[in-house]
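A.B. asks: attaching a predicted model along with its sequence, questions to come.
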Amino acid sequence: MLINKYITASCIIRKNAVYKNAEKIFENKEAAVAAFLHSIYQHQQIKYPKFYKMDNLSKLGWLATEILLTDNFKKDNYAPEDIGVVFANASASLDTDVKYYETAKDIASPALFVYTLPNIVIGEICIRHQFKGENAFFINEKFDAEFIEQYVTNLINNNILQACICGWVELLNEEYTAVLFLVEKEAAAGQAFFTSENIIKIYQLANG
Amino acid sequence: MDKLLLDLKKQIITQLNLQDIQPEDIGDDQPLFIEGLGLDSIDALELIVLLQQSYKIKLSNADEGPKVFRSVKTMAEYITAHQAQNA
């Protein structure tokens, strides 16, 4: 069954700036990635001690999701099983894999080891928000809007999910990009349909 | 013992990335897990690494873990006893 789906919110974190629904909400021009992510956390005035334990990829995806859902998302409208998360990136968890490999030469770090899978990002988000719906983390060479559209559309059309957080969460060394979309069946006036064309339009804002 | 307690608190904060916490926020007898500092099972493994890296103590008996890592004070007592044994 065909169901209308809308992009009800978007969040972009890239090149030391944060955008919510295409509007710049924060910038910290000089900071390296770890300091930049920490400055977003402080700017959002979040209190979540586990944030400090996350690797940079998880911090990036987690923060982008926090910003994506702030003010927009009516979580109480959904059962935990109705909300899913579908991410993709190019480097998987390589950033942390390399750091973990370095520690393994002496005494391997358990705290780093637990982040040597990219889907841990999704786990951190689901723990934070108590989401229990379908989730997946795909590795693609580059952002593939059509794939994301088709995969998420299939989940919603088949009634597996009622809402989905999806997009691209990529981080390797000092290079990072998060482009996330909140997809729901109900939208406010003026919100865009969830189509690959509209996904690309928003993604291009991040790469403009 | 006071210096060891302070050193341990600083090391725990660094090793476990407890960036919102200062050494003085951790009581000597405060439970480290669940209701105290709220540490989890991965943190427990990091504490074992901390003992090994900083104090050259290898926790050989896993059953000792809950007793040794109950608080900063029990950790300090375990380190002191171990160092006296090997002096």
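C.D. replies: Nice, I can see it. Numbers count the residues shown, from 1 in each chain, chains lettered A, B, ... in the order given.
A.B. asks: what's the burial count for A:E146?
C.D. replies: 12 (other Cβ atoms under 10 Å in any protein chain shown). From N, CA and C alone the C-beta is placed, and that goes for glycine too.
A.B. asks: from memory it sits against A:E197, does it?
C.D. replies: No - using Cβ atoms under 8 Å, A:E146 makes no contact with A:E197, being 9.7 Å away.
A.B. asks: for A:C164, name its beta-bridge partners.
C.D. replies: A:G84, A:V183 (DSSP bridges).
A.B. asks: and the pLDDT at it?
C.D. replies: With respect to pLDDT, A:C164 scores 98.
A.B. asks: what do you get for A:E102?
C.D. replies: 94.
A.B. asks: what residues sit buried inside the lowest-mean-pLDDT helix or strand in chain A?
C.D. replies: The helix or strand of chain A with the poorest confidence is helix A:196-207; it has a mean of 87 (mean pLDDT, DSSP states H and E). In terms of neighbour count (16 or more other Cβ atoms under 10 Å in any protein chain shown), helix A:196-207 has its buried residues at A:S196, A:N198, A:I199, A:I202, A:Y203, A:A206.
A.B. asks: check stretch A:60-70 too.
C.D. replies: A:L60, A:G61, A:W62, A:L63, A:A64, A:T65, A:E66, A:I67, A:L68, A:L69.
A.B. asks: taking those residues one by one, which sit in helices?
C.D. replies: A:L60, A:G61, A:W62, A:L63, A:A64, A:T65, A:E66, A:I67, A:L68, A:L69 (DSSP state H).
A.B. asks: can you tell me which of those is nearest A:Q45?
C.D. replies: Set against A:Q45, the nearest of these by Cβ to Cβ is A:E66 (10.7 Å).
A.B. asks: relative to chain B, how far out is the closest one?
C.D. replies: 17 Å (Cβ to the nearest Cβ, to the nearest Å).
A.B. asks: what sits against that residue?
C.D. replies: Contact analysis of A:E66 by Cβ atoms under 8 Å, 6 or more residues apart in numbering or on different chains lists A:Q44, A:I46, A:R128.
A.B. asks: nearest spatial neighbour of residue 43, skipping sequence neighbours?
C.D. replies: This is for chain A. Nearest residue to A:H43, sequence neighbours excluded (Cβ to Cβ, 6 or more residues apart in numbering or on different chains): A:F26, at 5.2 Å.
A.B. asks: was after chain B, sorry
C.D. replies: Among residues not flanking B:D43 along the chain, B:L16 sits closest, at 5.3 Å (Cβ to Cβ, 6+ apart).
A.B. asks: just give me the residue closest to the centre of chain A.
C.D. replies: A:G61 (3.9 Å; Cα atoms, centre = their mean).
A.B. asks: now for the residue of chain A found nearest chain B: which residues touch it?
C.D. replies: For chain A and chain B, the shortest gap (Cβ to the nearest Cβ) falls at A:P110, measuring 3.6 Å. A:P110 makes contact with B:I42, B:L45, B:E46, B:V49, according to Cβ under 8 Å, 6+ apart.
A.B. asks: same question for A:T116.
C.D. replies: A:S93, A:T96, A:D97, A:Y100.
A.B. asks: from the contact counts, what lies against the helix or strand hosting the second one?
C.D. replies: What that stands for is A:T96. With secondary structure defined by DSSP states H and E, A:T96 is part of helix A:94-104. Judged by 3 or more Cβ pairs under 8 Å, 6 or more residues apart in numbering or on different chains; DSSP states H and E, helix A:94-104 is in contact with helix A:56-69, helix A:110-113, strand A:163-172.
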